[in-house]
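Enquirer: What shape does this take:
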Amino acid sequence: MGFSRDGHWVWDFWVADDGDLFHLFYLHAPVSLVDPDLRHRNARIGHATSADLVVWDDHGTVLGPGGPGDLDASATWTGSVVRGDDGAWRMFYTGSAFLSAAEITNIETIGVAVSDDLFHWRKDDRLRLQAHPRWYEVLPDRTWHEEAWRDPWVFRDAAGDGWHMLITARVRDGASVRDRGVVGHAVSPDLVDWRVQSPLTEPGAGFAHLEVPQSVRLDGRDWLLFSCDTAHLAGERSGGPGGIWIAPSASPVGPFELEAADLLLDERYYAGRVVVDRDGSPHLLAFENTGEAGGFGGRITDPIRLTTEPDGSGGMRPRAAIDETETKTR
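Expert: Reported below is the predicted structural model:
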C-alpha cells in the first residue's frame with residue numbers, strides 16, 4: 001500500500017538506515033490547501049520508520065521553516081541524511097525562501113540539522129551553502145524563475161577521507177537557457193566546512209533541471225539516478241516523456257554519461273530513490289505523481305524491484321520491475 005499521511009500530500013523523500021530500522025524522511029503539506037502546487041510553499045519534513053520498507057510507523061513532523069531572513073523562511077525541502085565520524089546524524093536539506101506570495105520566484109539554500117537518534121533534530125546555523133556565481137546561475141542573472149540549489153545528496157568519498165554533495169543546479173551560460181540543468185558539486189573534509197566546486201556535468205544534456213540526484217551502485221557499476229519531468233525536458237529531448245532517469249557513470253562523482261540517460265519510470269512516478277533492503281537487494285521507491293482522475297497522487301510507492309537487462313550493445317542496464325498494467329490511481 002505504500003506510505004501516505006492522512007490529510008496530507010506526500011512527495012519527495014529520502015531514507016536513512018540505522019541497521020535496525022529504515023528511517024523515511026518525507027515532504028508533506030495539507031490537502032486543505034486545495035491546489036497541489038501550493039504544497040511547495042508549505043512543505044515540512046516528516047519522519048516514519050519501517051523494518052521492511054513496506055509497513056511504516058509515522059512519527060509526524062520533525063523539521064519546519066524558520067523565521068524571516070532564515071535560509072528556510074518559507075519551507076523545508078528535499079535532502080539526505082548521513083552519519084558522521086562523530087556518531088551524529090546530519091540532515092542536509094533545502095531551505096526555500098519565496099520572495100512574495102504572488103510570485104514563484106524563490107531562493108534555495110542548503111542547510112543542515114543534527115540528531116543523535118534520528119527522531120529529534122536541531123538546526124545548525126553555521127551552514128548556509130549557496131550557489132556560487134562563478135559557475136552557477138543566481139537570481140540576479142534574471143534568466144530563470146528561481147535560484148536553483150536544492151536536493152543535496154551527501155555521501156562519503158571512496159577513499160574515505162572526505163564527503164561529496166550532489167546538488168540540483170543550473171549553470172550561468174552554455175547551451176540554451178532552458179538546457180542549463182547540471183549536477184552541482186560541493187566537498188567537505190568533515191561534514192561541517194563545505195566548498196562549492198564546479199559542476200559535475202555540462203549543460204546541453206536536454207534537462208532544465210536534474211532533480212533529486214543520487215549516486216548509486218548496481219551490479220558493480222556506478223549510476224546517476226535523477227528526475228526530470230516532461231515540462232522541463234530541453235533540446236532533442238523536448239516532447240518526450242519525463243520521469244525518473246538513470247545514466248551510466250565512471251565513478252560515484254562521474255563523469256556521468258547524460259547523453260545515455262534512460263527513462264527508468266515515466267512521470268506517473270517521480271523523485272525515485274534506490275534503497276538496499278536487508279537481503280542486499282536494491283529497490284526503487286518513488287512518489288506517485290498521478291492520482292485519481294489525473295490529479296496529484298501524493299503518496300510513496302511500495303518498493304519496486306530493480307533488475308538488469310541487456311541494453312542491446314553488450315552491456316546491462318537497470319530496469320524497474322513494475323506491473324505496468326497496475327493503474328496506481330488509488
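Enquirer: Show the model's pLDDT score for the spatially most central residue of the chain.
Expert: With distances taken as C-alpha atoms, centre = their mean, Val212 lies nearest the centre of the chain, 2.1 Å away. Note for Val212: predicted pLDDT of 98.
Enquirer: Quick check: it vs Ile167, distance?
Expert: 11 Å (C-beta to C-beta, to the nearest Å). From N, CA and C alone the C-beta is placed, and that goes for glycine too.
Enquirer: now Asp116
Expert: 26 Å.
Enquirer: more crowded one of those two?
Expert: Higher neighbour count among Asp116 and Ile167: Ile167, with 29 against 11, using other C-beta atoms under 10 Å.
Enquirer: so which strand or helix has the more buried one?
Expert: strand 163-170 (DSSP states H and E).
Enquirer: okay, the angle between the helix or strand that comes right after that strand and strand 163-170?
Expert: Following strand 163-170 in sequence order, the next helix or strand is strand 181-188 (DSSP H and E). Strand 181-188 and strand 163-170 are oriented at 150 degrees to each other (axes from the mean of the first three to the mean of the last three C-alpha atoms, to 10 degrees).
Enquirer: List the neighbouring strands of strand 181-188 plus their orientation.
Expert: Sheet neighbours of strand 181-188, with direction, are listed as strand 163-170 (antiparallel), strand 195-197 (antiparallel) (DSSP bridges).
Enquirer: Report the rounded mean pLDDT for it.
Expert: 98.
Enquirer: Report the buried residues of that strand.
Expert: 181-186, 188 (16 or more other C-beta atoms under 10 Å).
Enquirer: ok, so of these, who is nearest Gly84?
Expert: Of all those, Gly84 sits closest to Ser188, with 9.9 Å by C-beta to C-beta.
Enquirer: give the contact list for the closest one.
Expert: Contact analysis of Ser188 by C-beta atoms under 8 Å, 6 or more residues apart in numbering lists 162-163, 165, 194-195.
Enquirer: what about the strand holding Ile167, average pLDDT?
Expert: 98.
Enquirer: cool, stretch 83-93 as well?
Expert: Mean pLDDT, stretch 83-93: 97.
Enquirer: List every C-alpha atom in it, with coordinates, as CSV.
Expert: C-alpha atoms of stretch 83-93 as CSV (Å, rounded to 0.1, in the frame of the first residue of the first chain):
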residue,chain,number,x,y,z
ARG,A,83,26.1,9.7,9.9
GLY,A,84,29.5,11.3,10.6
ASP,A,85,32.6,10.0,12.2
ASP,A,86,31.5,11.8,15.5
GLY,A,87,28.4,9.5,15.6
ALA,A,88,25.9,12.3,15.0
TRP,A,89,23.4,12.1,12.2
ARG,A,90,23.2,15.1,9.9
MET,A,91,20.3,16.0,7.7
PHE,A,92,21.3,18.2,4.8
TYR,A,93,18.2,19.8,3.4
